[in-house]
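Asks: Quick one, structure for this:
(chains A and B)
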Amino acid sequence: MSKYKLLEGKAVSIRKNIITMLNKSGSGHPGGSLSAVEILTTLYFDEMRVDSENPGWNERDRFILSKGHAAPVLYATLVEKGYFPKEELSSLRQVNSMLQGHPDMKGTPGVDMSTGSLGQGFSASCGMALASKLDKLDTRTYVLLGDGEVQEGIVWETAMAAAHYKLDNLVAILDFNGLQIDGPNDIVMGVQPLADKFRAFEWNVIEIDGHKYDEIINAFKKAKTVKGKPTIIIANTVKGKGVSFMEDKAGWHGKAPNDEETKIALAELEVI
Amino acid sequence: MGNMIATRDAYGKALISLGKTNNNVVVLDADLSKSTKTAEFSTTFPDRFFNMGIAEQNMMGVAAGFAAAGKVPFVSTFAMFATGRAFEIIRNSIAYPKLNVKICATHAGITVGEDGASHQALEDIACMRVIPNMTVIVPSDAVETDAVIHAISKFNGPVYVRLGRLAVPVINDSEAYSFELGKGVTLKEGKDVTIFATGMMVSEALKASETLKEHGINAGVVNIHTIKPIDKDLIIKKAKETGAVITVEEHNIIGGLGSAVAEVLSENHPVIMKRIGINDSFGESGKPKDLLEKYKLTASQIVESTKELMTNKRIFESKLRG
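Replies: Numbering: from 1, shown residues only, chains lettered A, B, ... in the order given. Next up, the predicted model:
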């Protein structure tokens, strides 16, 4: 099987699991989970050095979901990678579940940082990258940010620090789907020009289509060649990607699909 | 009472000793290393010192990341900015995942002095105490600070250590002292009343107990260095023995030592009680000594309050006898 076929297959299964688990839980965030599927699929099945049998391995690459509300895409990906059984997904957001509404590193194997309060995962990723440098490990730290998330002040404190400490082992990916809870970024609180902002903070900036595997893979490859600077990959994405009625709709930021919508969504994903 | 040493100075020295024995110790500061006394660590172990600039929120997040990767970060800035500005990062990124971060904040309390209210943290104990998984320690002097810093480096979990700017009397014997987390230290046995004090107020409590003796009041003194987990057993025991309790802290009387002791006693063994501290107000500029006088955080104030409490105790007890 070609690399792309494998990734595409994984992505379909991850998307279906996102829809199914959200339907079951009755709450959660489909839009920003679906927009990041290709990014996480590429990270876990092509890019990162991880071992699902040994989640605490100190020389692993780390992934931090700083946009923690997209927990379903992380859980579905970890299941696909074998960190825990698929059956767990049906307990999402239920009492006593190991799958909290936002990622909990103490409860879920494979979750590298507890996140949920925006901006904080980015900050922690900077600490992990610094620790790797200090230990002279070649491990890399990957962190996924949302576009609305960059409205948090801490994001820019972190951007400043990561550049100051020349963290070329840190790769941020910005899931730029353009929508946040109250509507488009441009209307809620403009974040542009994002690439210029990060360049001004002395980051290496790469802009890609966040749903195209070749572009994602190349971006990670390019990031490795840049020394002395952290990299941010601004991934242009579609919120709700893969489910026609969710695509590009802010209303699907934090709403679970009902049974009927789930049936339609799963049928659509089947034919991809 | 011996030398005068600020607990921040003892902290700076303890870090050097720790740095030599534990390679996993890293130190983070937010452009205040000369004041927090982490500066000496920064020159002794430059590879393991990270100045995070004037950005306390990110400093706490970075510390969480360091801890998640197996390091033992000691994070310092003023208590105001550590527990106030970065509160939510401490809660969500450090305490919730129970990460091994040691928040050692200096310039707590009114004895910050001339810088005034904006820099005088009087609510930091309350803010940290309310967070699950958090241990809260307030050393009383330099000897205790040194012991605390070494002890918490071996303890796995988030800790808040409250340190001061002002030089305070050394009341513990460096040879004999041994620190036990969560255990109050009885410095003086008493019959009539127990004074529970924390931080720099412990030495004032000791002075007060001497004066009280002259007034015929036998006051015990207990150093509560660990505010959380609090030493319930000792507090209940002392309340039973003396039937009256005073708490003294350089902190708002809401949420700090006084509240913690009241919580224990009201549920287990209610006795008559008086909390001494900052009476729910902000501080102001002034010399530390003048501020302590004005805000009534002195041995003589403890003496006055104790005498008053003794009168109330008699009324209270006669009412009980009915």
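Asks: What parts of chain B come near chain A?
Replies: Neighbours of chain A within chain B, by C-beta under 8 Å from any C-beta of the partner chain: B:26, B:47-48, B:50, B:52-53, B:55, B:57-58, B:60-71, B:73, B:88-89, B:92-93, B:96-98. For the C-beta atoms, the positions are set from N, CA and C on the backbone; glycine is no exception.
Asks: Let's see which of those residues end up in strands.
Replies: The strands, defined by DSSP state E, take in B:26, B:50, B:73 from those.
Asks: Compile the residues you listed into TSV and extend it with columns for distance to residue A:63.
Replies: Output for those, formatted as TSV (distance: C-beta to C-beta, whole Å):
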residue	distance to residue A:63
B:26	23
B:50	23
B:73	21
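Asks: Out of those residues, the closest to residue B:161 would be?
Replies: Using C-beta to C-beta, residue B:73 comes nearest to residue B:161 of those, at 13.0 Å.
Asks: what's the burial count for that closest one?
Replies: Using other C-beta atoms under 10 Å in any protein chain shown, residue B:73 is surrounded by 29 other residues.
Asks: Correct me if wrong: it contacts residue B:102.
Replies: Yes. At 6.8 Å, residue B:73 counts as touching residue B:102 under the criterion of C-beta atoms under 8 Å.
Asks: Can I get whichever helix in chain A runs longest in CSV? Just the C-alpha atoms.
Replies: Looking across chain A with DSSP state H, the single longest helix is helix A:3-25. What follows is helix A:3-25, C-alpha atoms only, in CSV (Å, rounded to 0.1, in the frame of the first residue of the first chain):
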residue,chain,number,x,y,z
LYS,A,3,2.0,5.8,2.0
TYR,A,4,-0.8,8.1,1.0
LYS,A,5,-3.3,5.3,0.7
LEU,A,6,-2.4,4.2,4.2
LEU,A,7,-2.8,7.7,5.6
GLU,A,8,-6.1,8.2,3.7
GLY,A,9,-7.4,5.0,5.2
LYS,A,10,-6.5,6.0,8.7
ALA,A,11,-8.0,9.4,8.2
VAL,A,12,-11.4,7.9,7.2
SER,A,13,-11.4,5.7,10.2
ILE,A,14,-10.4,8.6,12.5
ARG,A,15,-13.2,10.8,11.1
LYS,A,16,-15.8,8.1,11.6
ASN,A,17,-14.7,7.5,15.2
ILE,A,18,-14.8,11.3,15.8
ILE,A,19,-18.4,11.4,14.6
THR,A,20,-19.5,8.2,16.4
MET,A,21,-17.9,9.2,19.8
LEU,A,22,-19.4,12.7,19.7
ASN,A,23,-22.8,11.3,18.8
LYS,A,24,-22.5,8.9,21.8
SER,A,25,-21.3,11.6,24.2
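Asks: Now do residue B:51: how many residues are near it, please.
Replies: Counted by other C-beta under 10 Å, the residues lying close to residue B:51 total 19.
Asks: Show me where the chain has its helices.
Replies: Let's take chain A. A:3-25, A:31-34, A:37-42, A:71-81, A:120-134, A:153-164, A:185-188, A:194-200, A:213-225, A:259-270.
Asks: think we crossed wires, I meant chain B
Replies: With DSSP H as the criterion, chain B has helices at B:7-21, B:33-36, B:39-44, B:56-68, B:79, B:87-89, B:124-129, B:142-154, B:201-214, B:232-242, B:257-268, B:288-294, B:299-321.
Asks: Please convert these to a markdown table, extending it with mean neighbour count.
Replies: Shown next, in a markdown table, are these (neighbours: other C-beta atoms under 10 Å in any protein chain shown):
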| stretch | mean neighbour count |
| --- | --- |
| helix B:7-21 | 21 |
| helix B:33-36 | 19 |
| helix B:39-44 | 17 |
| helix B:56-68 | 31 |
| helix B:79 | 32 |
| helix B:87-89 | 19 |
| helix B:124-129 | 24 |
| helix B:142-154 | 22 |
| helix B:201-214 | 22 |
| helix B:232-242 | 18 |
| helix B:257-268 | 19 |
| helix B:288-294 | 17 |
| helix B:299-321 | 15 |
